[in-house]
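Enquirer: how does the following fold in three dimensions:
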Amino acid sequence: MLGKHRSQHRRLALLAVVAAAGDEGLSRDQLHVLFWPEASQAKARHSLEQLVYALRDSIDAEVFARGDPVRLNPSVITSDVADFRTADERDDLERVVATYRGNFLEGFHLHNAPEFERWLEAERAGLARSYASALERLAKKADATREHVTAVHWWRRTVATDPVSSTNATGLMRALMNSGDNAAAIQYAAQYEAIVAREIGTSVGPEVSSLVAEARANAEVEPLSSRPGLIEPPPSPQAGTRLARAAAIQSPASSRLAAPIRYFWMTLGLVITVAGAAWLRFERRGTPATSASPRSIAVRPSAFEHEPSSIQRASTNSIAAYELYLHAMDPIRMRSDSGARTALKELQQAIALDPNYAAAYSGVARMHVRIGIGDDSEMSRASRLALAEQAALHGVALDDLSGESHAVLALVRRGNYDMRAAERELDRAVELEPSNPRFHELLALLKVMTGDPASALIEARRAVALDPLSPTAAAELANALLANGQCDQALAHVAKLDALKPPLNRVGSIAAQCYARSQNWPAAIEQLERVSANGGPRGQALLAYMLARGGRTAEAERILANLLERSRRLNGASFDVAIVYSGLGNSDSALTWLTKSIDDRSLGFEWMPWIVQELERTPRFDRVARRVGLAPSRR
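Expert: Residues are numbered from 1 along each chain as shown. The predicted structure is shown next:
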């Protein structure tokens, strides 16, 4: 193994940097600046030597070539990024395209290493530019040799790298027209116009308009839907000659989808859990394919979000759009910010291929909601929810008979504290698809939030009856029992889920609430410690609350310091801070941060019981409750 989580990331980062440097390598001084810019030279030198020693010990004593600069030893270990660079230097365009498998180190971050992060962004951008350039040159080469079908293939792939580029758009349109497919050229022009209007708020240029007029003059347009082979799927990463073996994914959800996220491992036994088709893959030389088996990774969708209720293939005729949608909606994507962002891009590509794909718009809304609850440094949560609302409304407008579209719109309404509208949308979803357990689960949770525990219990029981083996349905039933004061029964249902690996985050929080009601703080803390590592900032906040209530104030204050630092970086993290202040008994600060959480949309109704009893008797809390429409019975 490469070591514990944080040191493992450092070692992976060092491998990435040295691999990208190729045969030239990097001097030790360059590596000092990249990883430890503020450390003394002696300390930086010592840290680097520790990393190098650990990698030699974990992989092979000869993993690095001897001397300075630091280089990988190609007789021991190779990487795809080195293959890509070699192909690019040799002008082997097809090899360049075949080797590229997505954004370099997508989703990988290194804590407290700003110089490395800047290097990574520049490296990622440079590799992407080389890939896009290779595609464009292949497309133009096919144009020049009048290989029109091949040209269409390469231009389509070029368009995917930059959907708003007029050069790419006109290249694809001209290639389609040269192949005799004027109808497809006109159809794509309409899609391109929608993309440009949505992304940059302008109209298409005169060259595109001129090509459309030319295409219309050349032939009578035939319906695109009658020609299913017209739009080809985007390229998917192909297995290279030295591709590291893929780790097994033990997830019932992933087995139902055609394109699960890939998890790659090195022969030394490390699993690289980078979302999407990210590529930094190493292979140790001279290792027989059967010498070892990869470790399995158990995966589970986020407890916050719910997996899509169904795959809505009927709302598109585009095979390519459907495949993108399938890949994007893999529940594993919801487990990380980077996974959700990659999924969002794929869904936007699906919409570019079929602007009337209702399910893809609903998927876009879902991903905006998911990104908004994470470490979103791009925009405020309110802005993210506005984008989600726009997409969700578009999805409903395109397909009002889709239960999923209404359920996603309900999530957006809930995020904006419009609980009545959220309930109307969920009622509509249940009306359209009464046998879908997920809609009953969402409705049960909403009933708990709005102070109707009796109705919540009815909906939760319906969800379990529809899917008796669903862990999320069982968790929602336990939550409804908790809301009805039936803690013994809630804990009995929670116990049924103890064997889940990894544990469902929601289960620990429900059990902790039950124990908290009897002031059994050690048991509550134990429940939250089981899931806090995967529960993100909210899980840490809940753990800190219980630690504070259990008298472990110093530990709670350490977590609070981390959450305060996070709130300074992000506009959407106030509620977690309010939870901890409430546990510490600081009502004034808790109410201040609770008020902030309304504006930044981080207030979590499902977690209000943790802090309400500490604050509900104050006039300031009444004002907060009125702002979000909290029912008196809920308080």
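Enquirer: is residue 131 in contact with residue 96, as I believe?
Expert: Yes. Using Cβ atoms under 8 Å, residue 131 is in contact with residue 96, at 6.6 Å. Yep, even glycine has a C-beta here, placed from its N, CA and C like the rest.
Enquirer: how is this structure partitioned into domains?
Expert: Annotated domains of the chain cover 1-93+243-289, 319-434, 540-635 [automatic domain parsing].
Enquirer: want to throw these into a markdown table with mean neighbour count, distance to residue 101 and mean pLDDT?
Expert: Converted to a markdown table, the domains of the chain look like this (neighbours: other Cβ atoms under 10 Å; distance: least, Cβ to Cβ, whole Å; pLDDT from 0 to 100):
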| stretch | mean neighbour count | distance to residue 101 | mean pLDDT |
| --- | --- | --- | --- |
| domain 1-93+243-289 | 17 | 4 | 64 |
| domain 319-434 | 22 | 12 | 87 |
| domain 540-635 | 19 | 30 | 78 |
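Enquirer: what's the closest of those domains to residue 499?
Expert: Evaluated over the domains of the chain, closeness to residue 499 peaks at domain 1-93+243-289, with 13.4 Å, by Cβ to Cβ.
Enquirer: which residues in the stretch 101-250 of the chain form helices?
Expert: Using DSSP state H, counting those that start in this stretch, the helices of the stretch 101-250 of the chain run over 114-144, 148-161, 166-178, 182-199, 206-218.
Enquirer: rank the ones you listed by pLDDT, which is bottom?
Expert: In terms of mean pLDDT, the lowest-scoring of the helices of the stretch 101-250 of the chain is helix 206-218 (a mean of 73).
Enquirer: who does it touch, helix- and strand-wise?
Expert: Counting contacts by 3 or more Cβ pairs under 8 Å, 6 or more residues apart in numbering; DSSP states H and E, helix 206-218 is packed against helix 166-178, helix 182-199.
Enquirer: show me what the first one is packed against.
Expert: For helix 166-178, the contact count by 3+ Cβ pairs under 8 Å, 6+ apart identifies helix 114-144, helix 148-161, helix 182-199, helix 206-218 as packing neighbours.
Enquirer: list the buried ones in that helix?
Expert: Residues of helix 166-178 classed as buried by neighbour count (16 or more other Cβ atoms under 10 Å): 168, 169, 170, 171, 172, 173, 174, 175, 176, 177, 178.
Enquirer: same question for the last one.
Expert: Buried residues in helix 182-199, counting neighbours by 16+ other Cβ under 10 Å, are found at 182-189, 191-193, 195-196.
Enquirer: report the angle between it and helix 166-178.
Expert: Here the directions of helix 182-199 and helix 166-178 differ by 160 degrees (axes from the mean of the first three to the mean of the last three Cα atoms, to 10 degrees).
Enquirer: hey, C-alpha coordinates of helix 182-199 in PDB?
Expert: Output of helix 182-199 as PDB, limited to C-alpha atoms (Å, rounded to 0.1, in the frame of the first residue of the first chain):
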ATOM      1  CA  ASN A 182     -27.900  18.100 -45.300                       C
ATOM      2  CA  ALA A 183     -30.700  17.200 -42.900                       C
ATOM      3  CA  ALA A 184     -28.200  16.400 -40.100                       C
ATOM      4  CA  ALA A 185     -26.300  19.600 -40.800                       C
ATOM      5  CA  ILE A 186     -29.400  21.600 -40.300                       C
ATOM      6  CA  GLN A 187     -30.400  19.700 -37.200                       C
ATOM      7  CA  TYR A 188     -26.900  20.200 -35.700                       C
ATOM      8  CA  ALA A 189     -27.100  23.900 -36.500                       C
ATOM      9  CA  ALA A 190     -30.300  24.200 -34.500                       C
ATOM     10  CA  GLN A 191     -28.600  22.400 -31.600                       C
ATOM     11  CA  TYR A 192     -25.500  24.600 -31.900                       C
ATOM     12  CA  GLU A 193     -27.700  27.800 -31.900                       C
ATOM     13  CA  ALA A 194     -29.400  26.600 -28.600                       C
ATOM     14  CA  ILE A 195     -26.000  25.900 -27.000                       C
ATOM     15  CA  VAL A 196     -24.600  29.300 -27.900                       C
ATOM     16  CA  ALA A 197     -27.700  31.100 -26.700                       C
ATOM     17  CA  ARG A 198     -27.600  29.200 -23.400                       C
ATOM     18  CA  GLU A 199     -23.900  29.300 -22.700                       C
END
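Enquirer: show me where the chain has strands.
Expert: For the chain, the strands defined by DSSP state E cover 77-79, 249-250, 264-265, 271-272, 282-284, 297-298.
Enquirer: Serialize the helices of the stretch 101-250 of the chain to a markdown table and add fields for distance to residue 484.
Expert: Listed next are these as a markdown table, based on distance: least, Cβ to Cβ, whole Å:
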| stretch | distance to residue 484 |
| --- | --- |
| helix 114-144 | 48 |
| helix 148-161 | 51 |
| helix 166-178 | 58 |
| helix 182-199 | 46 |
| helix 206-218 | 60 |
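Enquirer: nearest to residue 592, out of those?
Expert: Closest approach to residue 592 among the helices of the stretch 101-250 of the chain (Cβ to Cβ): helix 114-144, 30.9 Å.
Enquirer: apart from its chain neighbours, what residue comes closest to residue 148?
Expert: residue 179 (3.9 Å; Cβ to Cβ, 6 or more residues apart in numbering).
Enquirer: these two touch, right, the one you found and residue 153?
Expert: No. Judged on Cβ under 8 Å, residue 179 makes no contact with residue 153 at a distance of 10.2 Å.
Enquirer: and stretch 511-521, how far out from the chain middle?
Expert: Distance, stretch centre to chain centre, for stretch 511-521: 32 Å (Cα atoms, centre = their mean, to the nearest Å).
Enquirer: which parts of it are buried?
Expert: Those would be 511, 512, 513, 514, 515, 516, 521, for stretch 511-521 by 16+ other Cβ under 10 Å.
Enquirer: residues near the closest residue to the fourth one other than its chain neighbours, how many?
Expert: Computed as Cβ to Cβ, 6+ apart, the closest residue to residue 514 that is not its neighbour in sequence is residue 487, at 4.2 Å. The local packing of residue 487 (other Cβ atoms under 10 Å) involves 20 other residues.
Enquirer: so residue 487 sits against residue 517, correct?
Expert: Yes. Counting by Cβ under 8 Å, residue 517 is a contact partner of residue 487 at 6.0 Å.
Enquirer: which neighbours do the two share?
Expert: Residues touching both residue 487 and residue 517 (Cβ atoms under 8 Å, 6 or more residues apart in numbering): there are none.
Enquirer: can you list the neighbours in contact with stretch 553-562?
Expert: Outside stretch 553-562, the residues that touch it by Cβ under 8 Å, 6+ apart are 540, 541, 543, 544, 545, 547, 548, 577, 580, 581, 583, 584.
Enquirer: go through those and say which is closest to residue 601.
Expert: Taking Cβ to Cβ as the measure, residue 601 sits nearest to residue 577 out of these, at 14.6 Å.
Enquirer: pull the number of nearby residues for residue 138.
Expert: 21.
Enquirer: tell me the contacts of it?
Expert: 93, 94, 97, 154.
Enquirer: can you tell me which of the contacts of stretch 553-562 are in helices?
Expert: Members of these lying in helices (criterion: DSSP state H): 540, 541, 543, 544, 545, 547, 548, 577, 580, 581, 583.
Enquirer: can you put these in CSV and add distance to residue 354?
Expert: Shown next, in CSV, are the ones in helices among the contacts of stretch 553-562 (distance: Cβ to Cβ, whole Å):
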residue, distance to residue 354
540, 41
541, 41
543, 45
544, 46
545, 46
547, 50
548, 52
577, 43
580, 46
581, 48
583, 49
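Enquirer: out of the residues you listed, flag the one nearest to residue 599.
Expert: Checking those against residue 599 by Cβ to Cβ gives residue 577 as the nearest, at 13.5 Å.
Enquirer: burial measure for the nearest residue to residue 132 once chain neighbours are set aside, as a count.
Expert: Spatial nearest neighbour of residue 132, excluding adjacent residues (Cβ to Cβ, 6+ apart): residue 161 at 4.2 Å. By other Cβ under 10 Å, 16 other residues sit near residue 161.
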